[in-house]
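A.B. asks: would you be able to build a 3D model of this:
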Amino acid sequence: MPTYRRSVVPTKGRVGEWPLVAIVGRPNVGKSTLFNRLTKSRRSIVGDEPGITRDRIYGEYEWAGRHFRLVDTGGIVPDDAELIPTEIYNQAKVALEEADALVLVVDARTELASPDYDLVRLLLRGGKPVFLAVNKVEGEAMAYAAENFRQLGIRNVFPISSEHGLGIGDLVDAISEAIPGVPDAPQSGEDAQEIEAERAEEAEVSEGGPVPPELKDETEDDDFEGDEPDAADEDEDGHQLHRTHGQFEQHETAVAIIGRPNVGKSTLLNALTGTSRAIVSPIAGTTRDAVDEVVEFEGQQLRFVDTAGIRRKGKTHMMAEKLSVVMARRHLEAADVALLVIDATEGVTGSDATIGGYAHESGRSVIVVVNKWDAVTTARTDGKPPADREVFEQQLRSALKYLSYASVIFLSALEGTGLPRVMHEVIAVAAARRKRVTTGQMNRFLERIDFQRAPVPMAKRIRIFYMTQAAVAPPTFVLFTDRDIKLHFAFERFLENQIREAFGFKGTPIWFKVRARNAPKRD
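C.D. replies: Below is the predicted model:
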């Protein structure tokens, strides 16, 4: 059985021992802005629309030599009977139970209402330190208005502006004093470097630059949101540079769960992690922020990240939806392995093919997960015969030809069937993407291959003098040839198949670069 630990940003060390501070409040008061300010990230999606945050979002911050964990919650409306607000409330209650201190955020520009008093009674009932952050206080007049909120009965009142960083220091000073503890012991040089590298990786995902209101400019040339990568993150062949040189081991494997809305991604996350980490509902687009959880399985740490459903540009209307799709793409590009979730009741759609293409082109290892398989087999209620697994897989591979290297797993996340194979496949493909083949092995491999069998026109044939693996994650091979030309697709496919047959590289794309022996070096 896998074991679980609470997920925060990717950081090693004594994370579980750090005090946890929960940020709570009604919708649209600036909780996520405060969270992003303290964690120095854009981990939580921020916008003018109320109710953007739904799941619990974890992060960390450092103050006065101490580390704290931080959790951002959705806007709490205790008496709202609707499905989504109720689930948000349930997620927030988990955060309240876990936390060592609570920060209630209110909007200084609004009047007090009965839900505020109800929420205060709920917070004070737990007996934990409660701090009132009166947000959006920008100017002396607003500072006086903040005093009105003392009526709530909370002694620790702090006028702040999360957006401009005003008053934050006083708030975190008070939190630090209220939670017993001592400054963290300094880390060794190696640990400190590793932690800094991991924080930089998180920043690459969460701080990918502000997304302008004219988000459509990023997706002008495609039918999907968030499609165009930054040219600065590409090499001369257009490959995104999310890879490293040399075979390596990493303490954690990031697994992005991707797919269309309402295919069961959040249910799969909850099933794999044995938690109720993500809100699950039949409403498409329930997940907005990326939700992650770490699982320890057979000595390996796997970080599963549930991303928002990626949909066509014309289907996204609110800015929160647009931003959630952009963040989903960023988390995909920071992952090692992508679980492409397909709804068995709908089959493979054009949208599935496009989303799978995102993972393939960015060099992620891919596992195709056919979810809701029970709905078309044992639990079928429409009177039709049960679906045939071989026929379904044949149709799937016909639609996703570029993912011929990907394993296909049939499961039911709701029923919990087929989950162990997912864990084993993730570990296997993660190891394969980091595998390195020596130059000697590659050259002996070349001597055994009969390239005359490759179905390539004579004008496109090249002679390979030798070949070396230049990078891993994904495996990248440099071919030193007699001509500096682009590989014919048939030759590239032939060579890829031969490499897979000889060395494996299960579940991962393989990239090739051509270098003519006497060609001048590119700038």
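A.B. asks: what about the closest residue to Leu411 other than its chain neighbours, distance to Ser351?
C.D. replies: Nearest in space to Leu411, with sequence neighbours left out and distances taken as C-beta to C-beta, 6 or more residues apart in numbering, is Gly418 at 2.8 Å. Any C-beta I mention is one placed from the backbone N, CA and C, and that applies to glycine too. Distance, Gly418 to Ser351, by C-beta to C-beta, to the nearest Å: 23 Å.
A.B. asks: shouldn't the residue nearest to Leu411 be in contact with His424?
C.D. replies: No: the pair Gly418 and His424 fails to qualify as a contact (C-beta atoms under 8 Å) at a distance of 11.0 Å.
A.B. asks: between the two, which is the more surrounded one?
C.D. replies: Gly418 (18 against 13; other C-beta atoms under 10 Å).
A.B. asks: phi and psi next, for that one.
C.D. replies: phi 80, psi 10 (degrees, to the nearest 10).
A.B. asks: how many residues are close by Gln452?
C.D. replies: Every residue meeting other C-beta under 10 Å relative to Gln452 is counted, giving 7.
A.B. asks: surely it is in a helix?
C.D. replies: Yes: according to DSSP: H, G, I helix; E, B strand; the rest coil, the state of Gln452 is that of a helix.
A.B. asks: Pro420: which element?
C.D. replies: Assessed by DSSP states H and E, Pro420 sits inside helix 419-433.
A.B. asks: report the buried residues of that helix.
C.D. replies: 419, 422-423, 425-433 (16 or more other C-beta atoms under 10 Å).
A.B. asks: from the chain's centroid, how far away is it?
C.D. replies: 17 Å (C-alpha atoms, centre = their mean, to the nearest Å).
A.B. asks: name the residues that touch it?
C.D. replies: 2, 253, 255, 271-272, 295, 297-298, 300, 302, 336-337, 339, 365-367, 369, 407, 409, 411, 413, 472-475, 504-508 (C-beta atoms under 8 Å, 6 or more residues apart in numbering).
A.B. asks: pretty sure Lys31 contacts Ile23?
C.D. replies: Yes: contact criterion C-beta under 8 Å: Lys31 and Ile23 qualify, at 4.8 Å.
A.B. asks: for the stretch 101-250 of the chain, what spans make up the helices?
C.D. replies: Assigned by DSSP state H, counting those that start in this stretch, the helices in the stretch 101-250 of the chain fall at 114-124, 140-146, 168-178, 189-206.
A.B. asks: state the pLDDT value of Gly139.
C.D. replies: Gly139 carries a pLDDT value of 76.
A.B. asks: revised request: answer the last question for Val120.
C.D. replies: For Val120, the predicted pLDDT is 91.
A.B. asks: between Lys31 and Ile23, which contacts overlap?
C.D. replies: By C-beta under 8 Å, 6+ apart, the residues touching both Lys31 and Ile23 are 72-73, 105.
A.B. asks: could you dump the residues you listed into CSV with pLDDT and distance to Val391 added?
C.D. replies: What follows is those, written out as CSV (pLDDT from 0 to 100; distance: C-beta to C-beta, whole Å):
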residue, pLDDT, distance to Val391
Asp72, 87, 45
Thr73, 85, 45
Val105, 94, 54
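A.B. asks: number of residues surrounding the spatially closest residue to Ile57 that is not a sequence neighbour?
C.D. replies: Excluding its sequence neighbours, the residue lying closest to Ile57 (C-beta to C-beta, 6+ apart) is Asp72, at 4.3 Å. Neighbours of Asp72 under the rule other C-beta under 10 Å: 26.
A.B. asks: and if you look at Gln394?
C.D. replies: Other residues close to Gln394 by other C-beta under 10 Å number 11.
A.B. asks: same question, the one 5 residues further on
C.D. replies: By the measure other C-beta under 10 Å, the count of residues near Ala399 is 16.
A.B. asks: which ones are touching it?
C.D. replies: 348, 352-353.
A.B. asks: mind listing what Val157 touches?
C.D. replies: Applying C-beta under 8 Å, 6+ apart, the residues near Val157 are 132, 134, 146-147, 149-150.
A.B. asks: who's it bridged to?
C.D. replies: Leu132 (DSSP bridges).
A.B. asks: check what pLDDT it gets.
C.D. replies: pLDDT, read off for Val157, is 93.
A.B. asks: quick one: it from Gly169, how far?
C.D. replies: 15 Å.
A.B. asks: re the thing from before, spatially, which two of the contacts of Val157 are the most separated?
C.D. replies: Leu132 and Glu147 (11.1 Å; C-beta to C-beta).
A.B. asks: of the two, which one has the most company?
C.D. replies: Leu132 (25 against 12).
A.B. asks: how much space between the more buried one and Ser276?
C.D. replies: 29 Å.
A.B. asks: and if you look at Phe410?
C.D. replies: When Phe410 is compared with Ser276 (using C-beta to C-beta), they lie 24 Å apart.
A.B. asks: circling back: would you list the buried residues of helix 419-433 in a markdown table and tack on pLDDT?
C.D. replies: Below are the buried residues of helix 419-433 laid out as a markdown table (pLDDT from 0 to 100):
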| residue | pLDDT |
| --- | --- |
| Leu419 | 93 |
| Val422 | 96 |
| Met423 | 95 |
| Glu425 | 96 |
| Val426 | 96 |
| Ile427 | 95 |
| Ala428 | 95 |
| Val429 | 96 |
| Ala430 | 95 |
| Ala431 | 94 |
| Ala432 | 95 |
| Arg433 | 95 |
